[in-house]
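1. This is a predicted model, with the sequence first.
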Amino acid sequence: MSLRGEGVWAAPGRVNLIGEHTDYNEGFVMPFALPHTTVATVARRDDGVLRLTSADMPGGAVELHVDELAPGGPAGWTDYPAGVVWALREARHAVSGADIHYESTVPTGAGLSSSAALEVVTALALNDLYELGLERWRLARLCQRAENVYVGAPTGIMDQTAAACCTEGHALYLDTRDLSQRQIPFDLAAHGLELLVVDTRVEHAHSDGEYGKRRAGCEAGAAALGVEALRDVPYDGLDQALARLEDPEVRPLVRHIVTENHRVERVIAHLEAGEVRAVGPVLTEGHASLRDDFRISCPELDLVVESALAAGALGARMTGGGFGGSAIVLTETSRAPTVATSVLAAFETTFLQGPRVFTAIPSAGARRLS
Ligand code: ADP
Ligand code: MG
């Protein structure tokens, strides 16, 4: 039995099934949780000390004082949990310290959101230990604030909500404008299907700057069209909207966001009708849009998609921020080994380093283990 004042919590990494770069346009996303988790063993303490260790990071324990936490300090992995404590305290939740040890199976920097897993496991543990009574969507918001303000990474709300709110056997439909959400059945094994994640293990150096440019381009598009966010451009009004946009750089960005929101709705319709195979072509369409209109793919991601489709996959697309990271591939279970082998072989002949391939099973969100 665990002592009062301590315990063990877990929060998962995530994959976004569809809805890419829509979150900062107040649109729709559809992530699901991975079986890979970040586990935190946490003990409450009341002397104001936050003591952090991670089995995945060299350097031993880092001790901080909760009163002294402020954005803009020296960058490092402890910014993520320290940022969560800072965000909780800034929202007037009395957190007076903790000993936290992390151990994770979520690959870092692979676009599978190890950062949100780290934040959300911290927030949930402190919420329980300090009996804060915060709802999960609220914890996700505070974690996003930690990442945006304390860590200084301008990310949307998807990753933290996925880690906090996903449930086993489902994808999470999230409207990033009002944060309303719905669990969508996504039990692939029951349909004889498998979703492979292919982590290319590359990250092109310019990705941060390009992300900022896409964000700015989307904002310029919304301003030119006189809407609050591109989410407000209806799919059946897309042609008229594009005709009103003069900037040739902005037009394809708008087209991606509007068609991508529509793809999320199509995927939901297919899944709710039990037509899981029909999701495949929508994923592939999404990849073409990210490659040609949003222009955030890269040769490695394109190769994964092309070689998977050539080997008989039902659909494939890059997922995450782009310029590296991971792709997802939907395939018949019977075909999965052939598809995986073909992707690896194609990579081997073209690039030096091989990707990492694993099967993604839609899993539970953050939870207390003991
Ligand atoms: P992603 O979220 O896609 O994995 P990020 O760059 O957003 O990539 O976050 C990765 C960073 O999060 C790591 O560089 C590290 O600072 C921190 N991090 C993630 N998991 C852990 C962990 N288990 N222990 C310590 N730090 C971690
Ligand atoms: Mg991250």
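-> That came through, no problem. Ligands and ions are numbered 1, 2, ... in the order given.
2. is it true that residue 196 lies in a strand?
-> Yes - when classified by DSSP: H, G, I helix; E, B strand; the rest coil, residue 196 is found to be part of a strand.
3. Residue 150 - nearest residue in space that isn't next to it in sequence?
-> Leaving aside its sequence neighbours, residue 150 sits nearest to residue 83 (CB to CB, 6 or more residues apart in numbering; 3.0 Å). No exception for glycine: its C-beta is placed from N, CA and C like everyone else's.
4. For the one residue in the stretch 151-300 of the chain that gets nearest to ligand 2, which three-state class applies?
-> Closest residue of the stretch 151-300 of the chain to ligand 2, CB to the ion: residue 159 (6.0 Å). For residue 159, the assignment made with three-state DSSP gives helix.
5. Let me see the contact set for the residue nearest to residue 150.
-> 69, 71, 119, 145, 146, 147, 149, 150, 151 (CB atoms under 8 Å, 6 or more residues apart in numbering).
6. Any chance of a PyMOL selection covering the buried ones in these?
-> Burial among these is assessed by 16 or more other CB atoms under 10 Å; the matching PyMOL selection reads:
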select buried, resi 69+71+119+145+146+147+149+150+151
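7. Now the residue nearest to residue 150: which helix or strand?
-> helix 79-90 (DSSP states H and E).
8. got the angle for the very next helix or strand once past that helix vs helix 79-90?
-> Toward the C-terminus, helix 79-90 is succeeded by strand 98-104 as the next helix or strand (DSSP H and E). Angle, strand 98-104 to helix 79-90, by axes from the mean of the first three to the mean of the last three CA atoms, to 10 degrees: 140 degrees.
9. So is strand 98-104 next to ligand 2?
-> No - remark: strand 98-104 sits outside contact range of ligand 2, by CB under 5 Å from the ion, the gap being at least 12.6 Å.
10. Can you list the neighbours in contact with that strand?
-> Against strand 98-104 from outside (CB under 8 Å, 6+ apart): 36-45, 50-56, 81, 85, 114, 117-118, 121-122, 125-126, 129.
11. Look at residue 255 and give its secondary structure.
-> Residue 255 ends up helix, using three-state DSSP.
12. Pull up the gap between it and residue 218, please.
-> Going from residue 255 to residue 218 by CB to CB, to the nearest Å gives 11 Å.
13. starting at the chain centroid, how far to the helix holding residue 83?
-> Mean-position distance between helix 79-90 and its chain equals 20 Å (CA atoms, centre = their mean, to the nearest Å).
14. quick check: mean pLDDT across it?
-> For helix 79-90, the mean pLDDT works out to 98.
15. just stretch 182-195 next, same as before
-> 97.
16. Same check on stretch 33-48?
-> Per-residue scores along stretch 33-48 average to 97.
17. can you tell me if that stretch touches ligand 2.
-> No - Stretch 33-48 is not in contact with ligand 2 by CB under 5 Å from the ion; minimum separation 11.7 Å.
18. And for residue 91, the neighbour number?
-> Residues contacting residue 91 under the criterion other CB atoms under 10 Å number 13.
19. buried set for stretch 119-134?
-> 119-130, 132, 134.
20. ok, now how distant is the residue of the chain found nearest ligand 2 from residue 122?
-> The nearest approach of the chain to ligand 2 comes at residue 115, 3.2 Å away (CB to the ion). Residue 115 sits 11 Å away from residue 122, going by CB to CB.
21. which neighbours do the two share?
-> In contact with both residue 115 and residue 122: residue 80, using CB under 8 Å, 6+ apart.
22. sorry, back to before: surely the residue of the chain closest to ligand 2 touches residue 159?
-> Yes - contact status for residue 115 versus residue 159: in contact at 7.2 Å, counting by CB atoms under 8 Å.
23. which one of those two has more residues nearby?
-> Shown here are residue 115 and residue 159; by other CB under 10 Å, residue 159 has more neighbours (29 against 26).
24. Would you mind measuring from the more buried one to residue 143?
-> 8 Å.
25. so what sits against both of the two?
-> Each of residue 116 lies in contact with both residue 159 and residue 143 under the rule CB under 8 Å, 6+ apart.
26. Quick check: nearest residue in space to residue 179, chain neighbours excluded?
-> Nearest residue to residue 179, sequence neighbours excluded (CB to CB, 6+ apart): residue 137, at 5.5 Å.
27. helices or strands up against the strand or helix carrying the one you found?
-> Per DSSP H and E: residue 137 is located in helix 136-145. If contacts are counted by 3 or more CB pairs under 8 Å, 6 or more residues apart in numbering; DSSP states H and E, helix 136-145 sits against helix 79-90, helix 114-129, helix 158-165.
28. so which of these gets nearest residue 238?
-> helix 158-165 (23.0 Å; CB to CB).
29. as a whole number, average confidence for the closest one?
-> 98.
30. begin at 33 from here
-> Shifting the count to begin at 33 puts that one at helix 190-197.
31. quick check, distance from it to the centre of its chain.
-> Worked out by CA atoms, centre = their mean, helix 190-197 lies 7 Å from the chain centre.
32. No further queries at this time; thank you.
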